[in-house]
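Student: What would the 3D arrangement of this be:
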Amino acid sequence: LLAGLTREEFADLYAQTLAYGLLAARWRARDRFDRRIAAESIPATSGVLRDAFRYISLADPPAEIAWIVDEIVDLLAGSSVYAMLERAVRRERDPVLDFYETFLHHYDAGLRRRRGVYYTPPELVSYVVRSVHRLLQTRLGRRDGLADPTVTLLDPAAGTLTFVVEAIHCAVDEARRTSGGGGVPALVSDHLLRDFHAFELMMAPYAVGHLKMSLILEELGRPLRPDERVSFYLTNALEMEDLAQSTLPGTAALSRESHLAGGIKKETRITVLLGNPPWS
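Tutor: Residues are numbered from 1 along each chain as shown. Below you'll find the predicted structure:
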């Protein structure tokens, strides 16, 4: 997935995949919760999480993995995860502030600094996105701004998709203003899912971002179909080389993710680049 990962860094990445994937699954499984239900509850938006959880939940995972997954499942089964996340995810407050920035501060403060995991105020996000929308309309001949089907957008350091979600809201508001709400599902299908892209280097915000997108799409009346995914990839935006496919159980999706992201990097013509990249 990422060139030059050490064994320790891979173990950390995989552990965060399991822990934050289970958190996302618990959000969607409102009642009973076990390993099998976890696999069925992973948002369809994420190939990486779904494949990893198919392996640990539906197959017979190694004992070294099964015991810790079961322990986390037991913990989450007795926790009111939906109540904790409900207000955070629905635009009032970015869950990265509570569930990732605080976690990294205690878990690995050096990694937090190196990766630039710092909260971006929603007022700044809104200002940047609205400015881009207005400039597309007034300076670049795109009458519908971010809702224009010729606009292709990328956030190369997306975190939990704060900027991309705001851009989606902005495009939807424009479509509702100009043509009413009836065209929103078509806008999502024919433009937003196809043309709005994002990259993220760290698994936890990636998992939360996919959860956030599944909720936003459901709210817009256009949930993902079983064969669809959001163009949000776990990758290093600055890495261009093709990486070898992995045949390790439960990790093949990680290398497929890298190749899909490579297609965006090398072949897609991006017209809007926005976000809040890491300081270093």
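Student: Report the contact partners of Phe10.
Tutor: With contact set as Cβ atoms under 8 Å, 6 or more residues apart in numbering, Phe10 has no partners. All C-beta atoms are positioned from the backbone trio N, CA, C, and that covers glycine.
Student: what do you get for Ile216?
Tutor: Counting by Cβ under 8 Å, 6+ apart, Ile216 makes contact with 165, 168.
Student: any idea how far Ala171 is from it?
Tutor: For Ile216, the distance to Ala171 equals 12 Å [Cβ to Cβ, to the nearest Å].
Student: With Arg256 instead?
Tutor: To Ala171, Arg256 is 28 Å away according to Cβ to Cβ.
Student: same deal with Pro122?
Tutor: From Pro122 to Ala171 the distance is 17 Å (Cβ to Cβ).
Student: His106: neighbouring residues, count only.
Tutor: 8 (other Cβ atoms under 10 Å).
Student: Same check on Ala15?
Tutor: For Ala15, using other Cβ under 10 Å, the count is 13.
Student: Likewise for Ile168?
Tutor: When neighbours are counted by other Cβ under 10 Å, Ile168 registers 25.
Student: which residues are contacting the strand or helix carrying it?
Tutor: Element membership for Ile168 (DSSP states H and E) is helix 162-179. Helix 162-179 has contacts (Cβ under 8 Å, 6+ apart) with 91, 94, 96, 120, 122, 125-126, 128-130, 132-133, 144-147, 153, 155, 158, 183-184, 187-188, 191-192, 196, 198, 212-213, 216, 220, 232, 274-276.
Student: Go again with 6 Å.
Tutor: Outside helix 162-179, the residues within contact range by Cβ atoms under 6 Å, 6 or more residues apart in numbering are 94, 120, 125, 129, 133, 144-147, 155, 183-184, 187, 192, 196, 198, 216, 274-275.
Student: Check stretch 189-205 too.
Tutor: 13, 16-17, 20, 96, 100, 115, 149, 152-156, 158-161, 164, 168, 206, 231-233, 235-237, 264.
Student: Need the distance between the two termini of it.
Tutor: One end of stretch 189-205 sits 24 Å from the other (Cα to Cα, to the nearest Å).
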